[in-house]
Structures are given as structure tokens and as C-alpha cells.
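[1] Predicted model follows, preceded by the sequence.
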Amino acid sequence: MRRPISLYGLTFSLPLLVWQVLFFVFPLLFLVALSFWTVKNFVMSPDFDTVNWTTMYGRAVFWQAYGTTLAMAAVAAILTSVLAFPAAYAIAFKLSDTARRWAVFLMVIPFFTSYLVRVYSWQIFLSDNGIINVILGWIGLGPYQMLNTVGATMVGYLTLAFPLVVLLQLFSLVFIDRTLIEAAHNLRCGRLRTVFAVVIPSARTGLVIAGLFCFILSFGDFVSPVYLGGGEPTTLSILITDTTKSGQQWPRAAVIALTMIGTLMIVAFAAVKFAYKGKTK
Amino acid sequence: MSGSADLNRNRAVDWALILYIVLAYAFVFAPIAASFVFSFNSDRFPSIPLGEATLDWYRAVATDPLVWEGARNTLIVGVIVGVVSTALGFGAAYTDYRYKFAGKQVYMALALLPPTIPVIILGLAMLAYLSRINLSGNALSVIISHVVVCAPFAMAIIRLRLSQMDPALEPAAWNLGASEWKAMRHVIVPFCAPAIFGALFITMAVSFDEFAVAWFVSGLNETLPVKVLGFLQGQVSPRINAIGTFVFILSMTLVILAQLLLSGRSAKPAKE
């Protein structure tokens, strides 16, 4: 349906384009420019100076935070994928159509509850006198410190990404050609082996993409590391909020942000490449 | 679906998997349920056993003028964001449905990419850029940023509906003498109506809950979620539960409305 450009077509196409160029592309490009500005006496001025890059990249704190964030997001992606898979698998293959529809609906609900409220709620569970420690106390255990630990941060990441990962995995699982699974069974392939040799390879694209989303979400989240992890260890997101909100060091925050975007792009590119490897897309 | 012919179907494994589903949902809903329960609980530092039932936290929230101001900001921002994102999303969805052009992949990337950028980076970029062009620190800046994030959702929802439409419908209207505009008004828009309202409610719900970008750019005109972030930073306060429960009910109402609209008519696809 190729047609010449018309007023009619532009009326529908242009607004979004203009909006996203003005308020999405430009801000990100501005971030690049900003990272070369200088700050003197708490006043930013346009400049072309690499001082922000050399300062930030010269700091051990920055690289520590970078390593921590990368490692935590990677662990979160793997942990969430592994924990979500049995649930997605069971919903895809063990539930009736009606039950599956309800399962999907219920998994969508968390998207419309406040993440902040859920994180606060986890504080109630995990604090020293919280629900879990009280229950453990009944059987003579604890109390354990759970809040302000890396484990608590992981619980937060799971809260953030688990529903999305289950849904994405589920969508890739329900599209698997079921005759493949039956064929495997007919060839006396065991259950577990079928899962690893047939189901997971067939659903690879979706599984990898789901893990990637978890990585992206955890990598950029500042709520869980602060309010469940207690701010220790420092992640890049904490570093950005601290640098932005205290003082006028926006150019340095821009350096951190750009480094994060660069990292995410590399990870996303590698993941997508792996996801579609050997597939004629 | 039950695949009764499976040779190596094992009852114990099936039950274990069902149990796993239940545990997974327990994990997902534990914080939501706890927030609801403890919003009616008198203890300042909530735990079990429960204290007395009370509406104090709701009262504390209801009498806090800052909360009302936040709620008002949230509502104004949410409604405008919903309308604008849905309009932009509709245009983009229709563009994708009808036109092929050079650079369409770039167009689609712009239409779909923003939600994948971490909100903290988007927040910083928006704050820096908008304050440069003197648009930062007010409700307008929150609206601008939220539309960037919400329009892709609207686009996806409406695009899905358009793909259910018989592609011959629009050309048929033209052949019968309708102008492009008339065909849009009398064929496309009515067909997409449920998706349009669905997108409106969903984008509003997304805007109601967004706190990170809003926190960066809102300045003094804080929205309710930014207030909640403030409560979280300050002393631990069960007020969060009261606000959370209230916002949850509001969001769920919108989502269920959207769901009814989206599923209600798609049962009879391509004919209206």
C-alpha cells in the first residue's frame, strides 16, 4: 500500500514522531553533551571537557559500583529465570485453558500495583521484628537479619521482574509445537530430558528475552537496593540519584547514565544475538 | 490439552508443579495482601500478631493536605497523559497498520523503545533537558515525560486491535465514495473504540504508578507516588499501606474496565 505522502497520513504519523524526537531522542542526546560540561562553584556551564569522564572513571568507587551492579543484575536475571521457569512451564502445560487465562490475569495485576508499596510491604516481612522472624521465633529460630542485606535486594528484584518473566516465558512456551513434545515422549525421552532437550531449546528466544528484561529492570532499579538492601553495596543507580540530588554534579551523573546505557546496549545486543542464533528470523 | 496419551505422565510431578504455581502466586501476592491487611492495623511498626483494627492511617492520609495535593496532581497528570498518549499511540498504530515507508524500522523503534530505558536514566535525561528549555519542575514536565513512556503501551494495544480488522474494510469504504477522513471516522475509529478506551485506562494506570521519572522532574508539584517515595525515605509509616490500598483499588478499576472493553467485543472479530 505505498502511497504518496499526504496531509492525511502525516496527521497520524507525525505527532508521535515529533514527540519522541523532542522528548526522548533529544534528552538522551543532551545527556551526551552534558557529560562534557563543567561545573564551577555549583554552576554548570556548556563546555567540551573530558574532566567528568576522567574523574568518574578514575574513581575506585565507580568501578566497584559498576561491578556490583553488573553482578547483581546478572544474578537476578538467572535467579528469576530459574525460579520463574517451573511456574511458567506448569501454567503452560498443566492447567486447563480457563485456569491458564486466570493465571495470566492474576500475573498482570502486580503491574498495576505500586512497586514502592510492595517494597515497603517486604520491609514488614523482612525486618528484625517482622513477620518472617516472628514465625521463625515460634519454632525457636532466629531472629536473623534479613533487611538491609543483598538477599533482601534480590527479593526486591524478584518482586519487580518475576511477573514479567513468568508471562514472557509463558508466551514462548504456549507457542511450542506440541507434536515435538509428543514425539520426544514417543521416543521414550524422559520428562526431564524432554524439558532440557526439546522444550527449552524451542522456547529459547522467549526465555533469553525474558532474562534480558529482568537484567535491564534490575540493572536500573534504585528502590530495592536502597530500601531493602540498605544502600549497601552501592549500585550505579544509587550513585546516579546521589550525584543528581545532592549538589549540581549532573554532568558526572550523565557519565554514569551513559555508561549504563552503553552496558545495557552491549548486553541486549549479545542476548538478542544469542536468542535468535541459528534462526532465520 | 490434557494429553492423556502421555506415557510418562507422573501424578506426583504434576502435583508438585501445581504446588509450585501456588507458591509462585503466594510470593507475588504476599506484599500486596500484606499492604492491604496492615493498612487497617494500629501498630506503628507493623508485624504479627496484628494490633487492633483501625482506620487511623486512612484518617492520617485523608487529613494530610500534601497527600490531597499529590492526589490532585496525580489525577490531572494521569488524565492528560492518558489522552495524549492514546492519541499519539493511535496515530502510530494506524501508521504501522497502513503505511510502508523508508525508515519505518526507526519509526517503530522510537514508538516502542522508551519503556526499555531504565527510568532512572530517563529521569536524569528529562530533568537535565527540560530544565535547559525551562520546562522542568512543574506538572507539565511530568506530563511530557510520562507520555514518552506511556505512548508505546497505547500504540501496542491499539495495533493489536487493528490487526484483528479485515484489511478490506477500509478500502471498501473508499470504494463506496468515503474520503480517507470519513473512512477513519466511520470505520477505523469505531472498530478501534474498545482498544482506544482500553489504552486510555491502561496508560492512566501506568502514569498513576510511575514515581522515578516523576521524582526527578516534578520539583514541588509532586505526584502521589513521589509522596510515597518521600514517606519511604522518612520515618517508616503505615500510611504507605493506606495510600497503596487506595491507589490499588483505583488502578484495578481502570484495568478491569480496560479488560472488559478489550475482551467484550473482540469475541466477534472483523465484523461490526
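    Now that the structure is in, tell me what you want to look at.

[2] Flag the shaky bits of the chain, pLDDT-wise.
    You didn't pick a chain, so chain A it is. Within chain A, the stretches with pLDDT under 70 are A:1-4, A:247, A:279-281.

[3] if you could check chain B rather than the one you did, that'd help
    Residues of chain B that meet the cut-off, pLDDT under 70, sit at B:1-9, B:235-236, B:264-272.

[4] What residue in it comes nearest to chain A?
    Nearest to chain A, among the residues of chain B, is residue B:118, at 2.4 Å (C-beta to the nearest C-beta). For every residue, glycine as well, the C-beta is placed using N, CA and C.

[5] In chain A, which residue sits nearest chain B?
    Residue of chain A nearest chain B, by C-beta to the nearest C-beta: residue A:220 (2.4 Å).

[6] where do the helices sit along chain B?
    Using DSSP state H, the helices of chain B run over residues B:11-38, B:56-62, B:65-98, B:104-112, B:119-132, B:139-162, B:169-175, B:180-183, B:189-209, B:212-217, B:224-233, B:239-266.

[7] Out of those, which is closest to residue A:101?
    Closest approach to residue A:101 among the helices of chain B (C-beta to C-beta): helix B:239-266, 9.8 Å.

[8] If we go by neighbour counts, what in that closest one is buried?
    Judged by neighbour count (16 or more other C-beta atoms under 10 Å in any protein chain shown), helix B:239-266 contains these buried residues: B:239-248, B:250-251, B:254-255, B:257-259, B:261-262, B:265.

[9] and if you look at stretch B:157-168?
    Residues B:157, B:158, B:159, B:161, B:162, B:165 are the ones in stretch B:157-168 that count as buried (16+ other C-beta under 10 Å).

[10] give the contact list for the nearest residue to the first one once chain neighbours are set aside.
    Leaving out its chain neighbours, the residue that sits closest to residue B:157 by C-beta to C-beta, 6 or more residues apart in numbering or on different chains is residue B:199, at 4.4 Å. With contacts defined as C-beta atoms under 8 Å, 6 or more residues apart in numbering or on different chains, residue B:199 is in contact with B:85, B:86, B:89, B:90, B:153, B:154, B:157, B:158, B:258.

[11] now, of the helices of chain B, which is deepest in the fold?
    Burial of those is given as mean neighbour count (mean count of other C-beta atoms under 10 Å in any protein chain shown); helix B:212-217 ranks first at a mean of 27.

[12] need the contact list for the residue most central in space within chain A.
    The centre of chain A sits closest to residue A:217, judged by C-alpha atoms, centre = their mean, with a distance of 1.9 Å. By C-beta under 8 Å, 6+ apart, the residues touching residue A:217 are A:157, A:160, A:161, A:164, B:118.

[13] redo that, cut-off 10 Å
    The contact partners of residue A:217, by C-beta atoms under 10 Å, 6 or more residues apart in numbering or on different chains, come to A:73, A:76-77, A:80, A:115, A:157, A:160-161, A:164-165, A:224, B:116, B:118-119.

[14] From the residues you listed, list the buried ones, please.
    Neighbour counting by 16+ other C-beta under 10 Å classes A:73, A:76-77, A:80, A:115, A:157, A:160-161, A:164-165, A:224, B:118-119 among the contacts of residue A:217 as buried.

[15] Could you dump these into JSON lines and include secondary structure and distance to residue B:68?
    Converted to JSON lines, these look like this (DSSP: H, G, I helix; E, B strand; the rest coil; distance: C-beta to C-beta, whole Å):
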{"residue": "A:73", "secondary structure": "helix", "distance to residue B:68": "38"}
{"residue": "A:76", "secondary structure": "helix", "distance to residue B:68": "37"}
{"residue": "A:77", "secondary structure": "helix", "distance to residue B:68": "40"}
{"residue": "A:80", "secondary structure": "helix", "distance to residue B:68": "38"}
{"residue": "A:115", "secondary structure": "helix", "distance to residue B:68": "23"}
{"residue": "A:157", "secondary structure": "helix", "distance to residue B:68": "33"}
{"residue": "A:160", "secondary structure": "helix", "distance to residue B:68": "29"}
{"residue": "A:161", "secondary structure": "helix", "distance to residue B:68": "33"}
{"residue": "A:164", "secondary structure": "helix", "distance to residue B:68": "33"}
{"residue": "A:165", "secondary structure": "helix", "distance to residue B:68": "37"}
{"residue": "A:224", "secondary structure": "helix", "distance to residue B:68": "29"}
{"residue": "B:118", "secondary structure": "coil", "distance to residue B:68": "31"}
{"residue": "B:119", "secondary structure": "helix", "distance to residue B:68": "26"}
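
[16] Nearest to residue B:57 among those?
    Using C-beta to C-beta, the buried ones among the contacts of residue A:217 come closest to residue B:57 at residue A:115, 19.8 Å.

[17] Surely that closest one and residue B:211 touch.
    Yes. Residue A:115 is within contact range of residue B:211, at 7.8 Å (criterion: C-beta atoms under 10 Å).

[18] Overlap of the contact sets of those two?
    The contact sets of residue A:115 and residue B:211 overlap at A:223, B:225, B:228 (C-beta under 10 Å, 6+ apart).

[19] Dump those residues into TSV; add distance to residue A:257 as well.
    Shown next, in TSV, are the shared contacts of residue A:115 and residue B:211 (distance: C-beta to C-beta, whole Å):
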residue	distance to residue A:257
A:223	17
B:225	21
B:228	24
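
[20] quick check, nearest of those to residue A:21?
    residue B:225 (27.4 Å).

[21] List the contacts of the closest one.
    Contacts of residue B:225 (C-beta under 10 Å, 6+ apart): A:114-117, B:70, B:74, B:207-212, B:214-215, B:218, B:243-244, B:247.

[22] Residue A:210 contacts residue A:81, doesn't it?
    Yes. With contact defined as C-beta under 10 Å, residue A:210 reaches residue A:81; the gap is 6.4 Å.

[23] which neighbours do the two share?
    Joint contacts of residue A:210 and residue A:81 (C-beta under 10 Å, 6+ apart) are A:88, A:161, A:165, A:166, A:168, A:169.

[24] Of those, which are in range of chain B?
    Residues of those in contact with chain B (C-beta under 10 Å from any C-beta of the partner chain): A:88, A:166.

[25] quick one on the thing from earlier: out of the shared contacts of residue A:115 and residue B:211, which comes closest to residue B:176?
    Within these, proximity to residue B:176 (C-beta to C-beta) peaks at residue B:225, which comes in at 49.1 Å.

[26] Report the separation between that closest one and residue B:205.
    Separation of residue B:225 from residue B:205 (C-beta to C-beta, to the nearest Å): 12 Å.

[27] for residue A:260, same thing?
    The value you get for residue A:260 to residue B:205, if C-beta to C-beta is used, is 27 Å.

[28] same question, residue A:154
    Distance of residue A:154 to residue B:205, given as C-beta to C-beta: 27 Å.

[29] ok, now residue B:257?
    Counting by C-beta to C-beta - residue B:257 and residue B:205 are separated by 10 Å.

[30] Isn't residue A:164 up against residue A:88?
    No. Taking contacts as C-beta under 10 Å, residue A:164 lies outside contact range of residue A:88: 11.2 Å.

[31] Now list whatever residues contact both of those two.
    A:107, A:210.

[32] what sits in contact with each of residue B:225 and residue B:205?
    Taking C-beta under 10 Å, 6+ apart as the criterion, residue B:225 and residue B:205 both touch residue B:247.

[33] contacting residues around the residue positioned nearest the centre of chain B?
    By C-alpha atoms, centre = their mean, the mean C-alpha position of chain B lies nearest to residue B:206, the distance being 2.7 Å. Residue B:206 is in contact with A:111-112, B:78, B:81-82, B:85, B:115, B:146, B:149-150, B:153-154, B:251, B:254, counting by C-beta under 10 Å, 6+ apart.

[34] contacting residues for residue 50?
    Let's take chain A. Residue A:50 sits next to A:35, A:36, A:57, A:255 when contact means C-beta under 10 Å, 6+ apart.

[35] meant chain B actually
    By C-beta under 10 Å, 6+ apart, the residues touching residue B:50 are B:37, B:38, B:40, B:41, B:42, B:43.

[36] which phi and psi does it have?
    Torsion angles at residue B:50 (phi, psi; degrees, to the nearest 10) stand at phi -70, psi 150.
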